[in-house]
Structures are given as structure tokens and as C-alpha cells.
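Asks: curious how this folds, go ahead:
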Amino acid sequence: MSTGGLCGIEALAPRQRALGPALYPIRYGSLLYLMKIYSGHLPCCERQKLIDAGEQMAAAINTNAYEPILQWTYRKLGVDPTARPLILTEPQSMVERDRVRLCEILFENMDVPAVYLKAQPLLAMYSYGTTSGVIVDIGDRTDVVAFDQGFTVERADSHLRWGGQEITDSMSRTLTESGHRFYSPVEGYIARLVKERVAFVASNFEEALIHERELQPSVVDVRRYGIPDGTKAFSLGSAMFRVTEGLFQPNLWGKDSPGLHELVAKAIQAASIDIRRSLCRSIYLSGGTSILSGLDERLRKEVQALVPASSQVKVHASPFRLHAAYRGAGILSTLGTFESMCVWRDDWNEVNSSFVLSLSLSLSLSLILFSHTRRWDHPC
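Replies: Just a heads-up that it's a prediction; the model follows:
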């Protein structure tokens, strides 16, 4: 989000908000919320169709935002876009139309010499120095993908439209218990700040609820953000772990989908029987939501209960997992074969764009595996 030239949480300060509206990324979430409110008079089937359409809009990628964001990034970094190749991560849900549009902007409008696109979970895997394992990538959305020697295991990937943003929304709803209301997109960022400061994952949710009165409340100072009702601080008790429990019990969020541990177990069971034990020992966390305190231990315990007792479950949580995909891209760029993996502007101009992209993606994994016949040294 950006107001008055500042980005991130600093843009929420009242002196910055007074300079103008928040420019990015105002979500479709507010539109989805209105759809749920104003469709209340419709028949159940029609109301669900409208809500589903809103969820698809919320999951959509705004291609019009590509160019200004990329230009702003290059300007802030002080880098000439025509000087060097560019590596970009892409979400698992990105369709080829959006991928082609992104390359058109980079090649035709910004004169980038070469581009390399790779799915975020695989780049995150590279940051751990391996090409085999189960990556649990939790940002605003959730991706659980099993890889074997850099290739996705068939039927071993799960992609959910919810994740960290649902925790933020849950925090907003929980704060209403104290009489606060955070409904607008900008107010949602204040709830996100509170989540990032105090939220954690309980090792045993039911036991934590029984002993919630013994939990020491945490206080978050929000004076700098000028809450309209004059609130200076929030004090939270059991809400600190209740808002995150939906990761393992999605029904608490009204979601009809398996929990995080069940998705990991599904990915392991989808692999061939000879690598399942290895995958159990190779579960890797990445993404902003993965830094929640207690998540790695809770996930290990829940997955261990779903796999055979003879399989030892190990969850790897690098201290740098917030930027795992970025670190993986850095490792990738040091390979001697990196330039051979890229899509170059000259090829893009001469050959069909979709063909160039598909050819580049199919060759890249083979070149990566050829470059590394032994296990990478762990970068952390």
C-alpha cells in the first residue's frame, strides 16, 4: 500500500493518509463483503453464485498494476531495466494469458533484455538448498506442493485462495468483541499490524481454550495510526491463537476444505511409496504467514499423527523463510546455465510468445538439475 510516497505500514500514519488515498493494493475484499451483505434477500443458490463470483474477482491478478509497480521498483532500486535479465516469481494460479501480458510489458515497454519466470513454491525450495520435498508456502494464499528432483509430483499439489489474509480478516472480526470496527481495506491493515505483532499458533487448541484465562494478555500500541474512536492500544488474550486456528480447522473460518496438515499428508501420500519417508523428513515452510510462532511445531505434530509411526516427520523453518522465494531466485541467478533458461527479447520478437514461454519453462528444470549433480550447500 502507498500513500504520499510511503509504502507498507508507514503509509497508515494519519499524517500520510491525509495526503491522499491509499493507492495499492486495495483488495476486492470490500466488494466481496458488500456482495455478502446485499445478497441476503436472494435465494440461497443465487446468493452463492454472486459470492463465488466475488471470490473469483478477489483471486484475480490485476494486470494493469504490473507496469507502474515494476517502474516504481526499478526507480527505487536505482537500476536500469535494460541492463540485466530479470527473475520474477509467479503464483501457482497464474494463467498463461497473464504471463504473456507480463512479458509484453517487460519486453515492449521497459526493454528488459531477458526474463525468467518460475513458480514461487519451487524458488522457495531452492532457498533450502534442495529440489525434493514438500513446500508449504503460506502468504495471502496457501500452496502445498511436493517436488521430486525439481519436478512437481502428480496430484500432490493443493492451492487455496485463503491464508494470511483470512487470519487478518479473522482478527478484524475478533476485535469487534472489544467494540472496534475495522471494515474498510485501510482499517484492515491495522488489524494486520495487530496480527503480526501478537498472533501465534497454539500447540493444542482445545487445551489452550481451557486455560485461556491463565494466558497473559498482550498489548499492541496503535497511537501512531490515529484510530477514529481514540483507542491507543489493544489488549488481546485468547484471540492471539484463535485467529490462526483456521489454518488447521478451516471450518472455523467457514471454509469447506482440508486443514494445512491434511494437505501436507495428502501430498506425501500422492508420491511414490519409495520417497514418502524422505518427504516426511523434508517439509519446508515459506511465506509471510509461515513465521507465525508455533506453526512449525504444530504442523509437525499434526502431520505425524496422519502418517505411519515409522516415518519421522521433520518441518524445516528457516529464519529467512519470509523471503524464501527471493533467496531461491538469488541462488538460481548464480548458476552458469542461468542465461540459457531465460526468455530473451530477440526470441520473443521473432517467435510465437506462448511457444517461447513453454519452451523456456520445459528446459529450465533440466538445466538446473544438470548444473547440480550434488546437493547444494544450505544458504542459511
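
Asks: what number of residues lie near residue 198?
Replies: Around residue 198 there are 20 other residues, counting by other Cβ atoms under 10 Å. Yep, even glycine has a C-beta here, placed from its N, CA and C like the rest.

Asks: so what's it up against?
Replies: Contacts for residue 198 (Cβ atoms under 8 Å, 6 or more residues apart in numbering) come out as 218, 220, 236, 240.

Asks: as JSON lines, those with distance to residue 309 would be great.
Replies: JSON lines is the format used below for the contacts of residue 198 (distance: Cβ to Cβ, whole Å):
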{"residue": "218", "distance to residue 309": "37"}
{"residue": "220", "distance to residue 309": "41"}
{"residue": "236", "distance to residue 309": "37"}
{"residue": "240", "distance to residue 309": "32"}
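
Asks: in its sheet, what does the strand or helix carrying residue 145 sit against?
Replies: Assigning secondary structure by DSSP states H and E places residue 145 in strand 142-148. According to DSSP bridges, strand 142-148 forms sheet pairs with strand 133-138 (antiparallel), strand 151-160 (antiparallel).

Asks: among those strands, which gets the worst mean confidence?
Replies: Mean pLDDT is lowest for strand 151-160 among the strands paired with strand 142-148, at a mean of 87.

Asks: that older thread, of the contacts of residue 198, just the buried ones, PyMOL syntax please.
Replies: Buried members of the contacts of residue 198, identified by 16 or more other Cβ atoms under 10 Å, are gathered into one PyMOL selection as follows:
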select buried, resi 218+236+240
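
Asks: helices - which of the contacts of residue 198 land there?
Replies: Under the assignment DSSP state H, the contacts of residue 198 contribute residue 240 to helices.

Asks: widest-spaced pair of the contacts of residue 198?
Replies: By the measure Cβ to Cβ, 220 and 240 form the most distant pair in the contacts of residue 198, at 10.2 Å.

Asks: leaving out chain neighbours, which residue sits closest to residue 270?
Replies: Counting by Cβ to Cβ, 6 or more residues apart in numbering, residue 270 lies nearest to residue 156, which is 3.8 Å off, once chain neighbours are set aside.

Asks: do you know how far the one you found is from residue 147?
Replies: Distance, residue 156 to residue 147, using Cβ to Cβ, to the nearest Å: 9 Å.

Asks: any common contacting residues for the two?
Replies: Here residue 156 and residue 147 have residue 134 as joint contacts, going by Cβ under 8 Å, 6+ apart.

Asks: who's more crowded, these two?
Replies: When neighbours are counted by other Cβ under 10 Å, residue 156 and residue 147 differ, and residue 147 comes out ahead with 25 against 20.

Asks: wait, the more buried one sits on residue 126?
Replies: No. Contact criterion Cβ atoms under 8 Å: residue 147 and residue 126 do not qualify, at 10.1 Å.

Asks: got a list of what residue 258 touches?
Replies: 158, 250, 266.

Asks: is it in a helix, a strand, or coil?
Replies: Look at residue 258: counting by DSSP: H, G, I helix; E, B strand; the rest coil, its state is coil.

Asks: torsion angles phi and psi at it?
Replies: Phi and psi for residue 258, reported as degrees, to the nearest 10, are phi -70, psi 160.

Asks: gap between it and residue 114?
Replies: To residue 114, residue 258 is 40 Å away according to Cβ to Cβ.

Asks: could you do residue 197 as well?
Replies: Noted for residue 197: a distance of 41 Å to residue 114, by Cβ to Cβ.

Asks: residues near residue 246, how many?
Replies: 21.

Asks: same deal with residue 318?
Replies: 20.

Asks: just residue 269 next, same as before
Replies: Applying other Cβ under 10 Å, we find 15 other residues in the vicinity of residue 269.

Asks: residue contacts, it?
Replies: residue 276.

Asks: for it, what is the enclosing helix or strand?
Replies: Here residue 269 sits within helix 260-270, counting by DSSP H and E.

Asks: what angle sits between that helix and strand 133-138?
Replies: For helix 260-270 against strand 133-138, the angle by axes from the mean of the first three to the mean of the last three Cα atoms, to 10 degrees is 150 degrees.

Asks: show me how far helix 260-270 is from its chain's centre.
Replies: Distance, stretch centre to chain centre, for helix 260-270: 18 Å (Cα atoms, centre = their mean, to the nearest Å).

Asks: which residues touch residue 237?
Replies: Taking Cβ under 8 Å, 6+ apart, we find residue 237 in contact with 212, 215, 217.

Asks: for the closest residue to residue 182 other than its chain neighbours, helix, strand, or coil?
Replies: The shortest distance from residue 182 to any non-neighbouring residue, by Cβ to Cβ, 6+ apart, is to residue 172 (4.3 Å). Judged by three-state DSSP, the three-state class of residue 172 is helix.

Asks: I'd assumed residue 193 was in contact with residue 172.
Replies: No. Using Cβ under 8 Å, residue 172 is not in contact with residue 193; the gap is 11.4 Å.
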